[in-house]
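Undergrad: How does the following fold in three dimensions:
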Amino acid sequence: MERRAMVIGAGIGGLTAALALHRRGWRVDLYERAASLDPVGSGISIAPNALRALDVLGVGDPVRARASIQGEATLRRPSGRRLAAAGSEGIHRAYGDPLVVLPRAELVDTLRAALSPEAVHTSAPARLLDPGDGDRLARVETPAGEDEAELVVAADGIRSASRAVLLPGHPGPGYSGFTTWRTIVPAPPGRLPIGETWGRGALTGVIPLADGRVYLYAAALVPPGGRAADWDERAELLRRFGDWYRPIPELFGAADPGRVLRNDVWELTTPLPAFHRGRTALLGDAAHAMTPFQGQGACQAIEDAVVLAHALDAHPVARALAAYSAARIPRTTAVAARSRQVARLVAHTSVPAVAVRDGLLRAAGLLPERTVVRAAAPMIDWHPPR
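TA: As a prediction, the model looks like this:
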């Protein structure tokens with residue numbers, strides 16, 4: 001008999017979960033409250049661990065074909081002074097793939113194209129009513145009314161209403177202290193400052209894309225809930241980073257004000273005791289929202305989807321979800337902790353603390369490549385279950 005799953009939320013995690021289940025013969029309905037799945041103005045970095053997971057789903061090569069390889073990246077100070085540099089060749093040799101980057105919209109398109117069109121429902125908010133148990137199907141409210149399924153995957157983001165149903169005593173997300181900006185601009189003539197620039201409680205990043213454009217991002221210590229005057233976030237970027245070395249101000253100045261995304265960074269600093277209850281699994285930011293400073297948020301959601309689908313192949317739903325929790329909680333907690341450590345380094349604002357930090361970064365830049373590559377192993381030397 002065909003198994004039925006409902007997925008709440010069509011971000012990267014929800015799309016990947018829907019595809020992983022679809023590949024294993026489940027009938028999947030994916031519900032997204034937004035009218036469109038097209039994200040505006042954002043790039044996404046995919047590390048070797050997530051590329052391996054995408055290979056399991058048959059979309060790894062299409063993603064590689066649309067992505068650019070992150071070549072040598074330089075870490076600089078706002079004056080332009082170089083602190084360190086690292087290339088992706090060592091990562092590629094050690095782990096079988098480089099770090100790649102592509103527009104987020106292209107990853108979404110690739111995942112969605114692998115699903116049947118009737119599986120994806122937009123402008124369709126869904127709400128978990130009952131997570132179910134061994135004898136009772138899970139129940140979800142959809143625009144068409146209440147529905148039941150053998151499995152519900154809740155990929156409904158950092159503010160997950162499903163998480164509150166499953167774990168009502170959990171404190172939920174906390175503000176990291178950082179706000180981020182993201183946009184994509186046409187590549188200007190001349191050489192780009194590829195990599196990141198770290199200042200006092202702030203950073204910027206510049207990554208070229210395969211289609212001739214450039215992905216820009218920035219982060220700064222800012223109180224939550226703020227917005228630029230007249231909602232012009234390009235002007236806010238120029239106010240904050242306009243005196244950094246050229247061409248960073250020119251790159252931000254080329255942004256379309258309507259295509260600059262600003263998001264406060266919230267994270268789950270208290271790990272969940274479980275990623276499931278009954279017949280419902282939490283996935284992605286709903287389960288382990290983390291800061292973006294290791295580029296692993298979406299990568300971990302992609303891993304989640306593949307591990308969950310594999311567990312469901314091997315066990316009945318209740319045992320499969322318990323195995324999924326057991327496999328994912330230690331890994332995602334460790335990755336989130338690494339990202340939080342980087343956030344603390346970026347957060348330094350006093351002149352002495354920044355000087356010490358920059359000295360440590362310069363020293364790290366002198367380490368042999370093999371040492372740097374080996375240090376990345378706990379995060380990216382992950383392989384899907386077989």
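Undergrad: any idea which helix is longest in the protein?
TA: Across the chain, the longest stretch assigned as helix under DSSP state H is helix 317-346.
Undergrad: now for it, which elements pack on it?
TA: Packing partners of helix 317-346 (3 or more Cβ pairs under 8 Å, 6 or more residues apart in numbering; DSSP states H and E): strand 174-186, strand 276-277, strand 280-282, helix 285-288, helix 297-314, helix 377-380. For the C-beta atoms, the positions are set from N, CA and C on the backbone; glycine is no exception.
Undergrad: closest to residue 2 out of these?
TA: For those, the distance to residue 2 is smallest for helix 297-314, at 13.6 Å, taking Cβ to Cβ.
Undergrad: got the phi/psi numbers for the residue nearest to residue 127 when sequence neighbours are not counted?
TA: Nearest residue to residue 127 in three dimensions, chain neighbours excluded: residue 141, at 4.5 Å (Cβ to Cβ, 6 or more residues apart in numbering). The phi and psi values for residue 141, taken as degrees, to the nearest 10, are phi -90, psi 120.
Undergrad: show me what contacts residue 141?
TA: Residue 141 makes contact with 126-127, 129, 147 under the criterion Cβ atoms under 8 Å, 6 or more residues apart in numbering.
Undergrad: let's see 10 Å
TA: If you count contacts by Cβ atoms under 10 Å, 6 or more residues apart in numbering, residue 141 has them with 31, 125-130, 147.
Undergrad: Give me the buried entries from those residues.
TA: 31, 125-128, 130, 147 (16 or more other Cβ atoms under 10 Å).
Undergrad: for the protein, what are the low-confidence residue spans?
TA: Within the chain, the stretches with pLDDT under 70 are 1, 39-40.
Undergrad: what are the ranges of the helices in it?
TA: Using DSSP H, the helices found in the chain span residues 12-23, 48-56, 60-66, 89-95, 104-113, 161-166, 233-241, 248-253, 285-288, 297-314, 317-346, 351-364, 369-375, 377-380.
Undergrad: Dump those to JSON lines, plus distance to residue 180.
TA: Below are these laid out as JSON lines (distance: least, Cβ to Cβ, whole Å):
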{"stretch": "helix 12-23", "distance to residue 180": "16"}
{"stretch": "helix 48-56", "distance to residue 180": "20"}
{"stretch": "helix 60-66", "distance to residue 180": "23"}
{"stretch": "helix 89-95", "distance to residue 180": "24"}
{"stretch": "helix 104-113", "distance to residue 180": "13"}
{"stretch": "helix 161-166", "distance to residue 180": "22"}
{"stretch": "helix 233-241", "distance to residue 180": "11"}
{"stretch": "helix 248-253", "distance to residue 180": "14"}
{"stretch": "helix 285-288", "distance to residue 180": "14"}
{"stretch": "helix 297-314", "distance to residue 180": "11"}
{"stretch": "helix 317-346", "distance to residue 180": "11"}
{"stretch": "helix 351-364", "distance to residue 180": "20"}
{"stretch": "helix 369-375", "distance to residue 180": "25"}
{"stretch": "helix 377-380", "distance to residue 180": "20"}
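Undergrad: Give me the neighbour count for the closest residue in space to residue 225 that isn't next to it in sequence.
TA: Nearest in space to residue 225, with sequence neighbours left out and distances taken as Cβ to Cβ, 6+ apart, is residue 264 at 6.9 Å. Using other Cβ atoms under 10 Å, residue 264 has 16 neighbouring residues.
Undergrad: Enumerate every residue touching residue 264.
TA: When contacts are counted by Cβ under 10 Å, 6+ apart, residue 264 touches 158, 175-180, 222-226.
Undergrad: Now list the buried members of the residues you listed.
TA: Buried residues within those, counting neighbours by 16+ other Cβ under 10 Å: 158, 176-180, 222.
Undergrad: Tabulate those residues (a markdown table), appending distance to residue 199.
TA: Shown next, in a markdown table, are the buried ones among the contacts of residue 264 (distance: Cβ to Cβ, whole Å):
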| residue | distance to residue 199 |
| --- | --- |
| 158 | 26 |
| 176 | 17 |
| 177 | 15 |
| 178 | 13 |
| 179 | 15 |
| 180 | 15 |
| 222 | 13 |
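Undergrad: Residue 190: which of those residues is nearest?
TA: residue 180 (26.1 Å).
Undergrad: was I right about the closest one contacting residue 263?
TA: Yes: counting by Cβ atoms under 10 Å, residue 180 sits close enough to residue 263 to count as a contact (5.5 Å).
Undergrad: overlap in contacts of those two?
TA: In terms of Cβ under 10 Å, 6+ apart, residue 180 and residue 263 are both contacted by the residues 42, 219, 292.
Undergrad: In a markdown table, list those residues along with distance to residue 103 and neighbour count.
TA: Below are those laid out as a markdown table (distance: Cβ to Cβ, whole Å; neighbours: other Cβ atoms under 10 Å):
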| residue | distance to residue 103 | neighbour count |
| --- | --- | --- |
| 42 | 7 | 17 |
| 219 | 19 | 27 |
| 292 | 16 | 22 |
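Undergrad: Which one of these is nearest to residue 202?
TA: Distance to residue 202, by Cβ to Cβ, is smallest for residue 219 among the shared contacts of residue 180 and residue 263, at 6.5 Å.
Undergrad: Now for the closest one: which residues touch it?
TA: Per Cβ under 10 Å, 6+ apart, neighbours of residue 219: 176-182, 196, 198, 201-205, 263, 265, 291-293, 343, 346-347.
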